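*Asks:* Could you work out the structure for the sequence below:
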Amino acid sequence: MAGSADTLFMPIENGEVPLGDGKWLYLGAKAIEGGFSDDLRAALVCEQSMRGPYMDLQMRGMDVHPSVESSTLFSGALILIGKHRAENEAMVARASTMVASGAPILIAGDKTSGVVPLRKRMSNFVGVDGSLAKYHATVFWLRNSAEIATNLNSNKTSPEGFKTSGGMFSAGKIDKGSALLAEHLDDSIRGDIADFGAGWGYLSAELLSRFNPRTVHLYEAHWASLEAAKENLSSYDKGQISYYWHDLAKEPVGKKFDWIIMNPPFHTARKTEPQLGVQFIETAAKSLKPKGALLMVANVALPYEKALQQHFTKVTQLDRRDGFKLLKAMR
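*Replies:* Here you go, the predicted structure:
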């Protein structure tokens, strides 16, 4: 089904914005329904921080990276925004520093992304050349100028002692569910431990600062979050910690652990998807040693107990607070 990525490319496809001969930066990159033309395939340098869409673009033969760095300016930028305002504005500001002055910048998002308010805000300090709506999404385009980065770069608050940025889970404060899980960490959680959906490393930091596990393995699908985790855990024994840019819903783990801790995601865009948590549970069950244990936190409304009972011998609710439940499951 066509979506906001298809809308993003419409001004190029209908000739309103010429592609030209140079390289174009494509941030938040995703595939389009009909596939990319040879001209687009040759022109695009794609950035996608999420492991799943990154693998999809890689499979399609696109030039894709988890983070793009370039010593030369791009001829234009295409930006597919998501649900996080701070991340969206940071992407646009960053693109402005990476493309030539006066070069075209195209920005698109679906109706829940805030693309229309972003267009309105940007029109206060830079001229918008055009806009169109299709596939329940809107694209607008403009010419790059210094005012873009100046007006969209903003200071962001991170939890004390940690590095985070817009678009990361619970970037501005410690999530109540993760805090609940952290309260129940104790010295029985030892040996080889995995942190599934580790984000920017809060739970692993709690574990490492209070106890002495043999090894800690962080699995995270969001590249930028994992890079932040590396910085947040840089003071701990590097030989003790391993990091994996990994989609736990699609890629096998291939290791066995004594314990797994996790606060699994349950959203794709703005839609609740409990199946994501179920996939995390199934992967956790396959990744534990005999008599290994899973400690997980979840929103009280999410029906994970059935999946836990199918894959574990004993399931116990340890705590329930602030709309979250803490579950322990034994192999």
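*Asks:* the helices in the protein, which residues?
*Replies:* Taking DSSP state H, the helices of the chain run over residues 4-13, 38-43, 51-59, 85-98, 115-122, 146-152, 176-183, 202-210, 223-232, 274-287, 305-311.
*Asks:* Could you dump the ones you listed into JSON lines with distance to Pro265, mean pLDDT and mean neighbour count added?
*Replies:* Every residue, glycine included, has its C-beta placed from N, CA and C. Compiled in JSON lines, those are given as follows (distance: least, CB to CB, whole Å; pLDDT from 0 to 100; neighbours: other CB atoms under 10 Å):
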{"stretch": "helix 4-13", "distance to Pro265": "20", "mean pLDDT": "96", "mean neighbour count": "22"}
{"stretch": "helix 38-43", "distance to Pro265": "31", "mean pLDDT": "95", "mean neighbour count": "14"}
{"stretch": "helix 51-59", "distance to Pro265": "12", "mean pLDDT": "96", "mean neighbour count": "17"}
{"stretch": "helix 85-98", "distance to Pro265": "16", "mean pLDDT": "93", "mean neighbour count": "20"}
{"stretch": "helix 115-122", "distance to Pro265": "23", "mean pLDDT": "95", "mean neighbour count": "17"}
{"stretch": "helix 146-152", "distance to Pro265": "27", "mean pLDDT": "92", "mean neighbour count": "16"}
{"stretch": "helix 176-183", "distance to Pro265": "11", "mean pLDDT": "96", "mean neighbour count": "19"}
{"stretch": "helix 202-210", "distance to Pro265": "14", "mean pLDDT": "96", "mean neighbour count": "20"}
{"stretch": "helix 223-232", "distance to Pro265": "11", "mean pLDDT": "96", "mean neighbour count": "20"}
{"stretch": "helix 274-287", "distance to Pro265": "5", "mean pLDDT": "92", "mean neighbour count": "20"}
{"stretch": "helix 305-311", "distance to Pro265": "15", "mean pLDDT": "95", "mean neighbour count": "15"}
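*Asks:* Can you check which of those gets nearest to Val297?
*Replies:* Of all the helices of the chain, the one in closest proximity to Val297, counting by CB to CB, is helix 176-183 (4.3 Å).
*Asks:* Could I get the helices of the chain in TSV, plus columns for distance to Gln317?
*Replies:* TSV is the format used below for those (distance: least, CB to CB, whole Å):
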stretch	distance to Gln317
helix 4-13	39
helix 38-43	51
helix 51-59	31
helix 85-98	34
helix 115-122	41
helix 146-152	44
helix 176-183	12
helix 202-210	19
helix 223-232	28
helix 274-287	15
helix 305-311	8
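*Asks:* just so I know, which of those helices lies nearest Gly130?
*Replies:* helix 4-13 (6.6 Å).
*Asks:* how near is the closest residue to Lys256 other than its chain neighbours to Asp63?
*Replies:* The spatial neighbour of Lys256 that comes closest, neighbours along the chain excluded (CB to CB, 6 or more residues apart in numbering), is Lys289 at 4.7 Å. As defined by CB to CB, to the nearest Å, Lys289 lies at a distance of 40 Å from Asp63.
*Asks:* show me what contacts the most centrally placed residue in the chain?
*Replies:* Taking CA atoms, centre = their mean, the centroid of the chain lies closest to His222, which sits 3.8 Å from it. Counting by CB atoms under 8 Å, 6 or more residues apart in numbering, His222 touches 49-51, 167-169, 199.
*Asks:* and which of those is nearest to Phe125?
*Replies:* Checking the contacts of His222 one by one against Phe125 (CB to CB), the nearest turns out to be Gly167, at 22.9 Å.
*Asks:* Do you know the pLDDT at that closest one?
*Replies:* The model reports Gly167 with a pLDDT of 85.
*Asks:* and it, how many neighbours?
*Replies:* Residues near Gly167, counting by other CB atoms under 10 Å, number 21.
*Asks:* domain assignment for the chain?
*Replies:* By the assignment in automatic domain parsing, the chain contains the domains 4-152, 176-330.
*Asks:* Nearest to Phe162, out of those domains?
*Replies:* That would be domain 176-330 among those, by CB to CB, at 5.1 Å.
*Asks:* how distant is the closest one from the center of its chain?
*Replies:* From the chain centre to the centre of domain 176-330 is a distance of 16 Å (CA atoms, centre = their mean, to the nearest Å).
*Asks:* which residues are in contact with stretch 23-42?
*Replies:* With contacts defined as CB under 8 Å, 6+ apart, stretch 23-42 is touched by 1-3, 5-6, 9, 12, 19, 43-48, 53, 56-57, 60-62, 64, 68, 70, 74-82, 91, 94-95, 98-99.
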